[in-house]
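Q: sequence isn't available, so here's the structure alone:
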Ligand code: SAH
Ligand code: SF4
Ligand code: F3S
């Protein structure tokens, strides 16, 4: 009897990529493959790449290098690479010249073609490169193998039209395309039937979602709020330039919409924001945060910030620190500006020396962490609703889950609470997580 063939997927990058990997895993399952615990020993490996920053590129090439010896020992071992990096010709050229053990290269626009590509490679023992330059029609009905039974990612739109001057995503993911609201609602209906309690709506800029019959993003939230069996709605990511009053109102009206928003600011200097093509000023952003806090007093806010964008002066950077102090973010992802070939900012002549970028980055992280710790400490003694994700990654407690504000919380409790919403009293607040006690 032949044994079941196995696969292993490595994912770099954002939730879009994580969800694409779930789709790839779903397709591999349908093809009869089972999941292998690690790369070594799997028959097919897939590496889903990200090109947002240089270190993502480096990690990918490092991983690819490690596969050489596996291929040498087992010529049937099949290496597939996909994701954002494959949408860049110079990357494909490097793979072809330096990593000849790669068997399949596909891009972000033809994931649905993967089973056909893989079958061809397996039967004909030849290499395939198939990358589409643009996204065609949205393909509905692809399978997905979810990481969690009780929560799911749901794509509502693809691509980005914003062209922030530092960012590669519009080039790797193409122009904005929205799914039909009826398809999204149908997917959520099937997910809740399958036990999903929380959905995260995905898009590079969910605020520009536009479905059929003029259904905009807030309309979609109102409709999802009615979905039977669904308990929580989240979304990633919204662009400050078009966060509407209607969406702020949806936070008040829709009890399933979590009191949490990830609202990337990138910089606190209006001058730098203009160079980044973000289309809002520091004051616009602060006014928006004020409106959100007025409408939803307990809202948790997180953000993305880049230090060392070309031309950033000490004064510009201090504007960023000032904005962080005023907003008091619950958490922030901080990035060193990284040159991305093909983007406008890569050509700017006023690039910032690495040591200055790092020095500012460290000062920013210190401030961000101090505020996170203070905000988390303020939860001590309060009771929070937690959707239990399962065994805690932190050994000191048995269970881990997320609060409505997307804070990680660990507490003791029986494993069969996984997937349930429970009340937990917060007993300690740390920089990156909370600890709590299950309420009876
Ligand atoms: N669409 C999302 C962000 C996608 S990329 C949005 O607009 O909010 C995730 C984050 O990576 C960005 O918010 C930005 O902070 C960071 N990023 C993107 N390009 C970068 C670059 N060239 N250097 C450093 N950070 C970058
Ligand atoms: Fe990149 Fe800007 Fe689009 Fe976000 S909005 S994906 S940062 S171009
Ligand atoms: Fe990376 Fe592509 Fe996401 S570049 S951040 S994986 S859209």
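A: Looks like it arrived, so ask away. Remember, it's a predicted structure, so these values are computed and weren't measured experimentally. Numbering: from 1, shown residues only. Ligands and ions are numbered 1, 2, ... in the order given.

Q: please count neighbours and contacts with C-alpha atoms only from this point.
A: Noted.

Q: tell me how far the lowest-mean-pLDDT helix or strand in the chain is from the chain's mean position?
A: The weakest-scoring helix or strand in the chain, judged by mean pLDDT, DSSP states H and E, is helix 68-73 (a mean of 87). Centroid separation between helix 68-73 and its chain, computed with Cα atoms, centre = their mean, to the nearest Å, is 32 Å.

Q: go on, stretch 48-55?
A: Using Cα atoms, centre = their mean, the offset of stretch 48-55 from its chain centre is 13 Å.

Q: likewise stretch 109-126?
A: 26 Å.

Q: next one: stretch 209-227
A: For stretch 209-227, the distance to the chain centre is 21 Å (Cα atoms, centre = their mean).

Q: repeat that for stretch 310-318.
A: 28 Å.

Q: report the buried residues of it.
A: Within stretch 310-318, the residues that count as buried by 16 or more other Cα atoms under 10 Å are 310, 312, 316-318.

Q: now do stretch 32-51
A: 33-36, 39-40, 42-51.

Q: so which residues of the stretch 51-200 of the chain form helices?
A: Assigned by DSSP state H, counting those that start in this stretch, the helices in the stretch 51-200 of the chain fall at 54-66, 68-73, 89-98, 114-124, 169-173, 181-193.

Q: least reliable of the ones you listed by average pLDDT, please.
A: Lowest mean pLDDT of the helices of the stretch 51-200 of the chain: helix 68-73, a mean of 87.

Q: residues of it that come out buried?
A: 70-71.

Q: residues in contact with it?
A: 40, 77-78, 101 (Cα atoms under 8 Å, 6 or more residues apart in numbering).

Q: try stretch 367-384
A: 321, 324-325, 328-332, 403-404, 423-434.

Q: stretch 88-106 too?
A: Applying Cα under 8 Å, 6+ apart, the set of residues contacting stretch 88-106 from outside is 64-65, 68, 71, 78-83, 85-86, 114, 117-118, 121, 126-131, 172.

Q: so how far is the first residue of that stretch from its last?
A: Length of stretch 88-106, first residue to last, Cα to Cα, to the nearest Å: 11 Å.

Q: what about the residue of the stretch 51-200 of the chain found nearest ligand 1, how many residues nearby?
A: Relative to ligand 1, the nearest point of the stretch 51-200 of the chain is residue 167 (4.1 Å; Cα to the nearest ligand atom). Neighbour count for residue 167, taken as other Cα atoms under 10 Å: 24.

Q: for it, phi and psi?
A: Backbone torsions for residue 167, taken as degrees, to the nearest 10, come to phi -100, psi 140.

Q: next one: it from residue 346, what distance?
A: 10 Å.

Q: now for those two: what residues contact both?
A: Common neighbours of residue 167 and residue 346 (Cα under 8 Å, 6+ apart) are residue 340.

Q: hang on, the earlier thing: only whichever of the contacts of stretch 367-384 are buried, select them in ChimeraX.
A: Filtering these down to the buried ones (16+ other Cα under 10 Å) takes a single ChimeraX command:
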select :321,324,328,329,330,331,332,403,404,423,424,425,426,427,428,429,431,433,434
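
Q: among the contacts of stretch 367-384, name the ones in helices.
A: Counted as lying in helices by DSSP state H, out of these, are 321, 324-325.

Q: as a markdown table, those with pLDDT and distance to residue 220 would be great.
A: Below are those laid out as a markdown table (pLDDT from 0 to 100; distance: Cα to Cα, whole Å):
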| residue | pLDDT | distance to residue 220 |
| --- | --- | --- |
| 321 | 98 | 35 |
| 324 | 98 | 31 |
| 325 | 98 | 33 |
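
Q: ok, those vs ligand 3, which is closest?
A: Once Cα to the nearest ligand atom is applied, the member of the ones in helices among the contacts of stretch 367-384 that ends up nearest ligand 3 is residue 324, at 22.7 Å.
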